[in-house]
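K.L.:
Sequence and predicted structure below; questions after.
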Amino acid sequence: MTGLVLAVLVTPVGAGALALRLQYAGEPSAEARTRGKDAAWLGHAWVDGRKSDADVVALAQRLSGTGVRDLYVHTGPLEHDGSLPPAVHPKARWFTEAAHRAMPGIRLQGWLGDEVKPEKDALDLEDAPTRDRVTASARQVLDLGFDGVHFDMEPIRPGSEGWLALLDQVRPVTAGRGAKLSVAAPQIDPLPYQHNLGILFTGHGKWWDQAYFGETARRVDQIAVMTYDSSMPTESLYGGYNAYQTELALEATPEGVDLLMGLPFYWDDKWGHWGHAETVDAGIRGIRLGLGRYDLGRRNFGVGLYVDFAATEQNWADYRSGWVR
């Protein structure tokens, strides 16, 4: 009986691992390279006074010759009621002016986020007055000289009508200013209804189903998938997982919307993120394989680099050699 139970448990895991390993097989297309529509997340130091003009010049030099077009600059966090105190970003106007001078081809997006109910006792997106305050915060960011608004609110459970309503409310605001609306999105269910099982057994919703991902993508200009913290234990499995996530996301994202696949520009060593496995090299190779198999001609496609303050020289070198070259 014990052997039977083990077989029942091990067989699906082994089959899944084999499927991901096969996703990682083959050679990426030479055409699966940057389209000049990549992005990078920047930490709060750029708007709170810790950075200088010299840092902006160094950032411009860092990005020169890459495919980075958008910078998501942490300008929040939002208060739990959706408001954005000016005191949390005292140097935001300085940064947008300095960055626009130093990097005229780069778009700057104000990155706003908070934890979300019901999993966290924080932002309630099902509450209309809260959504109104978040919308006002988006206007506030645009008034500071940003070229767009980037939302990263976690963990939003698939099916949340409040999240979709917020995007419907903010999109006309950004469009009216000639600005962009972008979001950071969870990974897509690798198996049907896996997000439901996660919520049921752990209380945490890690994934979105593909349909809800598509509902979100249709409401924004740009969607960046947080394809890291995957729990994959080897490079080949992480790369195969990225290839599969890329195909799922391409299938769900309208061609007119920018789709970005996240890359881990940081190191961690724990159950959710094994640093020896989640490498930039493996992530890029998987993304290139997925792009080549599903939609090699997609122009509105790139990678998202998370995050500047934890990135190493090797991360940047691997990005340049694997994706930009």
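P.N.:
Happy to help now that I have it.
K.L.:
use CA for all of it now, contacts and neighbours both
P.N.:
OK.
K.L.:
hey, where'd the strands end up in the stretch 51-200 of the chain?
P.N.:
Using DSSP state E, counting those that start in this stretch, the strands of the stretch 51-200 of the chain run over 68-74, 107-115, 148-154, 180-185, 187-188.
K.L.:
What is the burial count for N300?
P.N.:
By other Cα atoms under 10 Å, 18 other residues sit near N300.
K.L.:
Also K270?
P.N.:
K270 has 10 neighbouring residues, counting by other Cα under 10 Å.
K.L.:
Let's see the pLDDT reported for it.
P.N.:
pLDDT for K270: 92.
K.L.:
Check G113 too.
P.N.:
pLDDT, G113: 97.
K.L.:
ditto for P118
P.N.:
Reported pLDDT for P118: 94.
K.L.:
Now for it: which residues touch it?
P.N.:
D124 (Cα atoms under 8 Å, 6 or more residues apart in numbering).
K.L.:
So which of the strands of the stretch 51-200 of the chain is the most surrounded?
P.N.:
Among these, the stretch with the highest mean neighbour count (mean count of other Cα atoms under 10 Å) is strand 187-188, at a mean of 26.
K.L.:
Return the distance of that strand from the chain's centre.
P.N.:
10 Å (Cα atoms, centre = their mean, to the nearest Å).
K.L.:
Could you do stretch 114-129 as well?
P.N.:
On Cα atoms, centre = their mean, the centre of stretch 114-129 falls 20 Å from the chain's centre.
K.L.:
going forward can the numbers begin at 603, since that is how I track them
P.N.:
That works, and once the first residue is 603, the last one we named lands at stretch 716-731.
K.L.:
For K722, which phi and psi angles does the backbone take?
P.N.:
As for K722, its main-chain torsions (degrees, to the nearest 10) stand at phi -120, psi 150.
K.L.:
Next: D791.
P.N.:
Backbone phi and psi, for D791 under degrees, to the nearest 10, turn out to be phi -40, psi 120.
K.L.:
With L850 instead?
P.N.:
When read as degrees, to the nearest 10, the backbone of L850 gives phi -60, psi -40.
K.L.:
Run through the residues that contact it.
P.N.:
790, 812.
K.L.:
Same list (the strands of the stretch 653-802 of the chain) but as a markdown table, adding distance to Y814.
P.N.:
A markdown table is the format used below for the strands of the stretch 653-802 of the chain (distance: least, Cα to Cα, whole Å):
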| stretch | distance to Y814 |
| --- | --- |
| strand 670-676 | 23 |
| strand 709-717 | 19 |
| strand 750-756 | 15 |
| strand 782-787 | 10 |
| strand 789-790 | 9 |
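K.L.:
For G842, find the nearest of the ones you listed.
P.N.:
strand 789-790 (13.8 Å; Cα to Cα).
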